[in-house]
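*Asks:* sequence first, predicted model second:
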Amino acid sequence: MDFVFGLPRDSRRKTGIVVFVDRFSKMVHLAAVAAEVTSIQTTRLFVDMVFKHHCMPNDFVSDRDPRFTALFTLLGTRFSMSTADHPQTDGQTEHINRVLVGLLKSYAQSLHN
C-alpha cells in the first residue's frame, strides 16, 4: 500500500492516488484521493476496494505513513512496515507506482500534443 501525490488536480480536486497491491495475485486497486486524505477515508477505501472483494489479507506491507498505521489500528490488524533504508520491502507497490506515474505522464503529454 502506498500513496502517489503531486499529480495534476482532477475535476474533483484530487491530486493523489492510493495504491493497494495484492502480492499473491498481483491485482492492483487504485483510487484518486485528495492530498489531505485521512486515515478514516483510507480505511473506507481499503474496505470498499480490497476487503469487500478479497476478505482481510493475512499480511500487510506498507511504509510508515500514519494513515496506514491508523488504518490497521482501526481494523484491529497488524502489519509489516518497510524500513526507510529499504523501500524495496514493498517492491511490488513501488514498481506499480513507477509504472503508474509513467503512464500518467505519457497520457498528459499526449493531451498537449
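*Replies:* Nice, thanks for sending it over. Numbering: from 1, shown residues only.

*Asks:* low-scoring stretches of the chain, by residue?
*Replies:* 58-59, 71, 78-90, 113 (pLDDT under 70).

*Asks:* show me the longest helix that occurs in it.
*Replies:* helix 91-112 (DSSP state H).

*Asks:* center of this structure - which residue?
*Replies:* The chain has V19 as the residue nearest its centroid, 2.3 Å off, counting by C-alpha atoms, centre = their mean.

*Asks:* right, and that one touches F5 too?
*Replies:* No: proximity of V19 to F5 does not meet the contact threshold set by C-beta atoms under 8 Å, at 11.3 Å. Bear in mind the C-beta positions are built from the backbone N, C-alpha and C, glycine included.

*Asks:* which stretches of this structure form strands?
*Replies:* 2-5, 16-21, 28-33, 61-62, 80-81 (DSSP state E).

*Asks:* check which helices and strands the third one sits against.
*Replies:* Put plainly, it is strand 28-33. Strand 28-33 sits against strand 16-21, helix 39-46, with contacts defined as 3 or more C-beta pairs under 8 Å, 6 or more residues apart in numbering; DSSP states H and E.

*Asks:* just the first one next, same as before
*Replies:* Strand 2-5 sits against strand 16-21, helix 91-112, with contacts defined as 3+ C-beta pairs under 8 Å, 6+ apart.

*Asks:* ok, now with 10 Å
*Replies:* Judged by 3 or more C-beta pairs under 10 Å, 6 or more residues apart in numbering; DSSP states H and E, the packing partners of strand 2-5 are strand 16-21, strand 28-33, strand 61-62, helix 66-75, helix 91-112.

*Asks:* just the CA trace of the first one, in PDB.
*Replies:* Backbone C-alpha positions of strand 16-21 (Å, rounded to 0.1, in the frame of the first residue of the first chain) are rendered in PDB as follows:
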ATOM      1  CA  GLY A  16      -3.100  11.800  -5.500                       C
ATOM      2  CA  ILE A  17      -3.700   8.100  -5.800                       C
ATOM      3  CA  VAL A  18      -3.800   5.400  -3.200                       C
ATOM      4  CA  VAL A  19      -2.300   2.100  -4.400                       C
ATOM      5  CA  PHE A  20      -3.300  -1.300  -3.000                       C
ATOM      6  CA  VAL A  21      -1.400  -4.300  -4.400                       C
END
